[in-house]
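Trainee: here you go, sequence then predicted model.
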Amino acid sequence: MKIKFIIFIFIFSYFYLLFAEEKTIPLEAKEWYEKGVNANSEGKLNVAVKYLKKAIEIYPDYEDAIFKLGYVYEKQKEYQEALKCYEKVLKLNPQAWDAWYSIGIVYAKMEKYKKALPYLKKAYELKPDNPNVMDAYARLYRYLGNHRKAEKIIEEWHKKYPQEIK
C-alpha cells in the first residue's frame with residue numbers, strides 16, 4: 001500500500017511539473033516590453049522596435065512582444081517583417097486568432113487577397129463573434145469579386161450576434 005502511494009505521488013508530481021509549469025517571463029523582458037508599448041503609443045516607432053527586440057532577446061518566446069513588434073512593423077509598412085513576427089506567434093500559439101487576423105490584414109494591405117483569405121477565414125473560425133474579424137473576412141470576399149459570399153457572411157453573423165447590431 002505504501003509503495004503504491006509513493007508511486008502515485010511520483011507519477012502525479014511528474015505530470016504536474018510537465019503540464020502545469022508556466023513559463024515565467026523575466027521581469028527585465030517585461031520592462032523592455034512596456035517601454036516598447038509606450039514608445040509605440042507615443043509614435044516613436046523606431047524606438048519601439050528597439051525596445052521590443054530587446055524584450056524578445058531576453059525571452060525569445062515572448063508572444064506578446066513578438067506580436068507587438070509585428071504590429072509596429074505593420075504600422076511602418078514593413079510588411080515582410082510584420083509577417084515574420086505574426087508567423088512566429090502562430091508557431092508559439094496556433095490558436096492566436098489575432099495573429100491569423102493580422103497576417104490576413106497584412107496580405108490584404110499588400111493586395112494579395114487570395115493569400116489573405118485562409119488567414120482571415122481561420123481568424124473568423126477562432127473568433128466568430130468579433131465584428132472586426134467578420135468585417136475583414138466579408139470585405140475580402142468583396143475584393144475577390146464574390147459579393148454574394150460577403151453578404152452571406154454578414155447576414156449569418158447578424159443572425160448569430162444580433163446584440164452587436166447598433
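Mentor: Arrived safely, thanks for sending. Numbers count the residues shown, from 1 in each chain.
Trainee: can we go C-alpha only for contacts and neighbour counts from here?
Mentor: OK.
Trainee: all helices for the protein, in order.
Mentor: Taking DSSP state H as the test, the helices found in the chain are 2-20, 27-41, 45-58, 63-75, 79-92, 97-109, 113-126, 131-143, 147-160.
Trainee: TSV for the ones you listed, including mean pLDDT?
Mentor: Output for the helices of the chain, formatted as TSV (pLDDT from 0 to 100):
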stretch	mean pLDDT
helix 2-20	52
helix 27-41	97
helix 45-58	98
helix 63-75	98
helix 79-92	98
helix 97-109	98
helix 113-126	97
helix 131-143	96
helix 147-160	94
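Trainee: okay, these in a markdown table with mean neighbour count next?
Mentor: A markdown table is the format used below for these (neighbours: other C-alpha atoms under 10 Å):
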| stretch | mean neighbour count |
| --- | --- |
| helix 2-20 | 11 |
| helix 27-41 | 19 |
| helix 45-58 | 21 |
| helix 63-75 | 23 |
| helix 79-92 | 19 |
| helix 97-109 | 23 |
| helix 113-126 | 20 |
| helix 131-143 | 20 |
| helix 147-160 | 14 |
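Trainee: wait, residue 83 touches residue 101, no?
Mentor: No: counting by C-alpha atoms under 8 Å, residue 83 stays clear of residue 101, with 11.2 Å between them.
Trainee: residue 110: what's it in contact with?
Mentor: residue 79 (C-alpha atoms under 8 Å, 6 or more residues apart in numbering).
Trainee: so it versus residue 37, what's the distance?
Mentor: 25 Å (C-alpha to C-alpha, to the nearest Å).
Trainee: likewise residue 58?
Mentor: From residue 58 to residue 37 the distance is 16 Å (C-alpha to C-alpha).
Trainee: could you list which residues are in contact with the residue most central in space within the chain?
Mentor: Nearest to the geometric centre of the chain sits residue 99, at 2.8 Å (C-alpha atoms, centre = their mean). Contacts for residue 99 were tallied using C-alpha under 8 Å, 6+ apart; they are 67, 86-87, 89-90.
Trainee: let's have those in CSV, adding distance to residue 24.
Mentor: Shown next, in CSV, are the contacts of residue 99 (distance: C-alpha to C-alpha, whole Å):
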residue, distance to residue 24
67, 18
86, 21
87, 22
89, 17
90, 19
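Trainee: what's the closest of those residues to residue 140?
Mentor: Minimum distance to residue 140 across the contacts of residue 99 is 19.4 Å, recorded for residue 86 (C-alpha to C-alpha).
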